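Trainee: What shape does this take:
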Amino acid sequence: MAASVEAGGATSMILGLVIARRGLGKVPKWLDYIARAAAVLGIAYSLYDLGGLTAITQLFELGIVVGFLVGTYLLAKQKPSGYPWFMLMNLSNAVLMALEGYPWLTMQQIFSFCFVLDAFLMQREKARKASQDL
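Mentor: Okay, the predicted model is just below:
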């Protein structure tokens, strides 16, 4: 599952690097299509690898995969709506770690969630101030 997540997210990370280098409106359309397709394929392969959803833990594993892939894609496109997807990933991972009996890993995911929430709130505040300046 981890390999499909990383492979699916790699193209979104490359997309983000290209956007950072060239600017948001100067990205080749084919790269955007590849990033979208890789995210969908990563999610589909994760479902295939899990054998569908047959246990409650698989639902949380799917939350991790979808949260990471969609969040990475949206943040690469400089869309703050990627942060809630990362929060889904962290919360899903925290619940999964708690169910598996790993309290330290559960706490680590809760801390990660707090950092993502802080980044999201800072981005919203920045956007609010920018709209007031207009």
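Trainee: How far away from the center of its chain is the biggest helix by length in the chain?
Mentor: Assignment by DSSP state H gives helix 103-133 as the longest helix of the chain. Offset of helix 103-133 from its chain centre (CA atoms, centre = their mean, to the nearest Å): 14 Å.
Trainee: what do you get for stretch 58-66?
Mentor: The offset between the C-alpha centroid of stretch 58-66 and the centroid of the whole chain comes to 11 Å, using CA atoms, centre = their mean.
Trainee: With stretch 46-54 instead?
Mentor: Taking the mean of its C-alpha atoms, stretch 46-54 sits 19 Å from the chain's own mean (CA atoms, centre = their mean).
Trainee: for stretch 10-29, same thing?
Mentor: Put simply, stretch 10-29 sits 16 Å off its chain's centre (CA atoms, centre = their mean).
Trainee: Repeat that for stretch 34-45.
Mentor: Taking the mean C-alpha point of stretch 34-45 and that of its whole chain, the gap between them comes to 13 Å (CA atoms, centre = their mean).
Trainee: Report the buried residues of it.
Mentor: The neighbour-count check on stretch 34-45 (16 or more other CB atoms under 10 Å) flags 35, 38-39, 41-43, 45 as buried. Backbone N, C-alpha and C define where each C-beta goes, glycine included.
Trainee: Stretch 86-104 too?
Mentor: Of the residues in stretch 86-104, those scored as buried under the neighbour-count criterion (16+ other CB under 10 Å) are 86-98.
Trainee: which residue sits closest to Met89, ignoring its sequence neighbours?
Mentor: Gly67 (2.9 Å; CB to CB, 6 or more residues apart in numbering).
Trainee: Having no further points to raise, I will conclude here.
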